[in-house]
Structure formats: structure tokens, C-alpha cells
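Undergrad: A predicted structure for the sequence below; I have some questions about it.
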Amino acid sequence: MTRIPTLTDGTVTLRAHREDDAEGAYEQCQDPVSQQWTTVPLPYTHEDARRFVTETMPQGWADGTSWGFAVEVDGRYAGTVELRDEGEGRVEVAYGSHPWVRGTGAMTRAVRLLVDWAFTERNARVVVWRANKGNWASRKLAWRLGFTLEGTIRAALPQRGELRDAWVGTLLATDDRAPKGTWLDVPVLEADGLRLRPWRDSDVPRIVEACSDARTLTWLGTMPDPYGEPDAQAWLEHQRENLATGDSAAWAVVDPSKDVALASVSFFHYTPELELEIGFWAHPDARGRGVMTRAMARVVEYAFEDVGVRRVMAGAAVDNTASRHVIEANGLTAWGTERFGTRLRSGPADCVFYDLMIDDWRASRRR
Ligand SMILES: CC(C)(COP(=O)(O)OP(=O)(O)OC[C@H]1O[C@@H](n2cnc3c(N)ncnc32)[C@H](O)[C@@H]1OP(=O)(O)O)[C@@H](O)C(=O)NCCC(=O)NCCS
């Protein structure tokens, strides 16, 4: 019989599966998130779960092809983590948590223990992570442990008759375990009668209305025209990617009492500790009452106080009076006009660029 080690960091324990884990494994596989992102058979029965914990997992150890551990937290089954041997010092990592433990960081701890064990006890040279594209929880966890996202491979992972696009990441034995790059947050911010919060799928109709509006289309010349729901959905998906790569962050500006999206405010061209640029658009029914000015003010404050940049930038087409007003009302000063610096629906147009330095912003707040 293969001896299966017990690993612990004091909070999370990895140990051999036991027969009494079957109920937890069964519950985990009824969960829609588990079903969406793994290849568990559907329907998943009690017998499947019993076989998984008493046969499949021990068999991997006996054959030397895979090393699966039950994750235990507070004496309770919390999921399974596994390494699969791919030869030549390459191992693939797989993990799944029981819904009761999600979002507590326990799975991150469990996979960290597993990866440490892979390098120290199994002499792994590289741990490979593969996930169906769109599995953000899995990607965040891999990022936290120091994996480098290598890219997306199309049609790489079979799942119930379909071939899914795969994200692939690697962690080398020689890598440090710190996250690679910045993963931006979109915290909820209160702003003078407005709330800034992350965009949601349920905002799609409001995004479509705002972005198919004639004024929005005039000034934001790279916006698709006509603009429909697939464009809004693609924009939301793109935002998730931009957060994960540290490129940009966008907030929905909402009326706190109704939670209806009034505007978008975002930052991009972000260089940590140095600068970022703010951009925005407003829904037609929210214009003309200071929504955009107040929302931008809150993001300026967030940029200086929380993100930690020292310069905030913005730009607007020379003739875009409303946009320039919002920027100037926030204390940014124009430093130059770039010929053909922006693209309007009608074609390239001159763009006024503005900035605000942290010291000037602080001084203006003391006055
Ligand atoms: C992937 C999975 C194991 C993560 O488990 P978990 O218990 O939530 O893990 P943790 O709490 O340790 O960490 C997950 C992180 O992802 C974040 N996250 C969760 N859902 C997210 C989403 N939709 N978008 C972005 N981040 C998300 C969490 O906030 C957390 O981030 P934090 O460390 O900044 O707090 C779990 O979602 C799961 O079992 N999914 C189904 C099986 C699966 O997908 N396995 C991986 C296959 S490759």
C-alpha cells in the first residue's frame, strides 16, 4: 500500500481520501460551478462519489500516475487537489473546492501546499495549470500562487463532447511564488450621492442604450456602430481580462437607491506608482446633472489615495465641450493638443490632453 502523506499549514490539511468523504464529494459535484468548469459526469451519483474517493484517488497513488489529496478544513471535507504526472518532471495541477469553503482562501492554501510538495518531494521541474477559458476563480488562484499565464489554446480541453478553449499557465521550480503582475480590484466607492461599483451582466441593456446613443457614438469613434448586446457582453469580458492583466479598471456609476447604471468611469494607461488615465461616458438620461464630474472626482481620489499613482491624465477631443468641462471641473490642466490624437466617428480629430499631479490635488483639497 502506498503511504499517502499528510500536509498541513496549520489551517488547511491535505490527506488521503476516506470513505466518509464521499458525501462531501457528491455534494461538490452537484454544484453548478463544479459542473461548469470540470469534466465530472452528469448526472453524478452517490456511487460515482464513493468510487472516486475509495478507488480512483487511491489508484492514482498505486500506479504513480497521479497524487490526489482530500482537503480538510476545521475537520470537514473541503475539496480535492491533485497532481497528474506528465513525465520528465512535469506535473499538472487540478483542484476543486466544496461550495462551503469557497472564497475563504482555503483552496489557495491547499494548492500552495500541493505545489510546494510537488517541487520538494516529487522533484517537479514545472507545474502546469490548465483551465477552461473564462474560469476566473481558477485563474485568480493560479495567479496568486505565482503562475505565469502563457496564453490561450483554442479547442484544447474536451468537456462532454465539446472542445473548450484552454488557458494555460506554468510555475517553474525556479520561479518565485509571488503573483506575476498586478490584478486590479474594482471596489465599491461611495461618491457624493452616487455609487461606483463593478459592472454586472444585468447592466447590459443600459450599456447598449448608452453606447448606441448618437452623442456617445460621435465622440467615441472606435465604439462599434451599431452597438448591440454582444458588444456590451464582449466589453464586460474584456474588462475582466484587463483587471487580471493590470491594464484597466471600470466602474458602473449607479444611483444608490435604484442601482441603475448612469455612467461608466474607468482608468487605463496605468503604470504602477506613476500614472493612469481616466475615461468616461454617461447614459443620455444621466447627463447634465454633474454625475460624471462627481464620479470622476471619486476615481481621482481613489487613484491618488489607493492605487498610489502620482499623476492622473485625461484627454478629450478639442470640440467635446462637455467632456472637457468634466475634466477641468476636476482640476486637471491642459498641457497640450495632439493633432489627430483621438478618433471620432467622423475620423481623426485633435485631442487636448490634461493632467493633475498629486501635490496639486492635495493642495487644492486643503484650500
Ligand atoms: C476554482 C476553485 C477551486 C476556487 O476555489 P475557492 O474556494 O473559491 O478558492 P479561494 O477562495 O482560495 O480563491 C479563489 C479566488 O478567486 C476569486 N474569484 C472567485 N470567483 C471569481 C470570479 N468570477 N472572477 C474573479 N475572481 C474570482 C476569489 O475572490 C478568490 O480571490 P482572492 O484570493 O483575491 O480572494 C472553485 O471555484 C471551484 O471549485 N471551481 C470548480 C472547479 C474548478 O473550476 N476547478 C479548477 C479547474 S482548472
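TA: Yes, it's here.
Undergrad: pretty sure Leu83 is touching Gly89, no?
TA: No: look at Leu83 against Gly89 with Cβ atoms under 8 Å: they stay out of range, at 11.8 Å. (C-beta placed from N, C-alpha, C; glycine too.)
Undergrad: residues shared between the contacts of the two?
TA: Ala124 (Cβ atoms under 8 Å, 6 or more residues apart in numbering).
Undergrad: Compare those two (neighbour count), which wins?
TA: Of the pair Leu83 and Gly89, Leu83 is the one with more neighbours under other Cβ atoms under 10 Å, namely 24 against 15.
Undergrad: Which helix or strand contains the more buried one?
TA: Leu83 belongs to strand 76-85 when assigned by DSSP states H and E.
Undergrad: Can you show me the CA trace of that strand as PDB?
TA: Taking Å, rounded to 0.1, in the frame of the first residue of the first chain, the C-alpha atoms of strand 76-85 are listed here in PDB:
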ATOM      1  CA  ARG A  76     -14.500  18.900   7.400                       C
ATOM      2  CA  TYR A  77     -14.100  17.700   3.800                       C
ATOM      3  CA  ALA A  78     -13.500  20.900   1.700                       C
ATOM      4  CA  GLY A  79     -12.500  19.600  -1.800                       C
ATOM      5  CA  THR A  80      -9.800  17.700  -3.700                       C
ATOM      6  CA  VAL A  81      -6.500  18.800  -5.100                       C
ATOM      7  CA  GLU A  82      -4.400  16.600  -7.400                       C
ATOM      8  CA  LEU A  83      -1.200  16.400  -9.300                       C
ATOM      9  CA  ARG A  84      -1.000  14.400 -12.500                       C
ATOM     10  CA  ASP A  85       2.300  13.100 -13.800                       C
END
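Undergrad: partners of that strand, with directions?
TA: Within its sheet, strand 76-85 is paired with strand 66-73 (antiparallel), strand 90-97 (antiparallel), according to DSSP bridges.
Undergrad: what's next to that strand, contact-wise?
TA: Applying Cβ under 8 Å, 6+ apart, the contact partners of strand 76-85 are 12, 14, 17, 20-21, 23-25, 28, 57, 60, 64-72, 91-98, 100-101, 106-107, 110-111, 114, 118, 122, 124, 127.
Undergrad: how does it look with 6 Å?
TA: Strand 76-85 has contacts (Cβ atoms under 6 Å, 6 or more residues apart in numbering) with 21, 24, 65-69, 71, 91-98, 101, 106, 110-111, 114, 118.
Undergrad: So for it, what gets flagged as buried?
TA: Tyr77, Ala78, Gly79, Thr80, Val81, Glu82, Leu83, Asp85 (16 or more other Cβ atoms under 10 Å).
Undergrad: As a markdown table, the residues you listed with distance to the ligand and pLDDT would be great.
TA: Below are the buried residues of strand 76-85 laid out as a markdown table (distance: Cβ to the nearest ligand atom, whole Å; pLDDT from 0 to 100):
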| residue | distance to the ligand | pLDDT |
| --- | --- | --- |
| Tyr77 | 13 | 98 |
| Ala78 | 8 | 98 |
| Gly79 | 6 | 98 |
| Thr80 | 9 | 98 |
| Val81 | 9 | 98 |
| Glu82 | 10 | 98 |
| Leu83 | 13 | 98 |
| Asp85 | 17 | 98 |
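Undergrad: right, and out of those, which lies closest to Asp225?
TA: The closest of the buried residues of strand 76-85 to Asp225 turns out to be Gly79 (Cβ to Cβ; 46.5 Å).
Undergrad: distance of that closest one from Trp143?
TA: Look at Gly79 and Trp143: by Cβ to Cβ, to the nearest Å, they are 19 Å apart.
Undergrad: again, but for Met223
TA: Distance, Met223 to Trp143, by Cβ to Cβ: 30 Å.
Undergrad: Over to Glu328?
TA: In this view, Glu328 and Trp143 are 38 Å apart by Cβ to Cβ.
Undergrad: who are the neighbours in contact with Gln30?
TA: If you count contacts by Cβ under 6 Å, 6+ apart, Gln30 has none.
Undergrad: Would you report the backbone torsion angles of it?
TA: According to degrees, to the nearest 10, the main-chain angles of Gln30 amount to phi -80, psi -20.
Undergrad: do the same with Leu274
TA: Dihedral angles (degrees, to the nearest 10) for Leu274: phi -120, psi -70.
Undergrad: dump the residue contacts of it.
TA: With Cβ under 6 Å, 6+ apart, Leu274 has these contacts: Val309.
Undergrad: which residue sits closest to Phe69, ignoring its sequence neighbours?
TA: Closest residue to Phe69 apart from its sequence neighbours, by Cβ to Cβ, 6 or more residues apart in numbering: Leu14 at 3.7 Å.
Undergrad: So Tyr26 lies in a helix, does it not?
TA: Yes: assessed with DSSP: H, G, I helix; E, B strand; the rest coil, Tyr26 lies in a helix.
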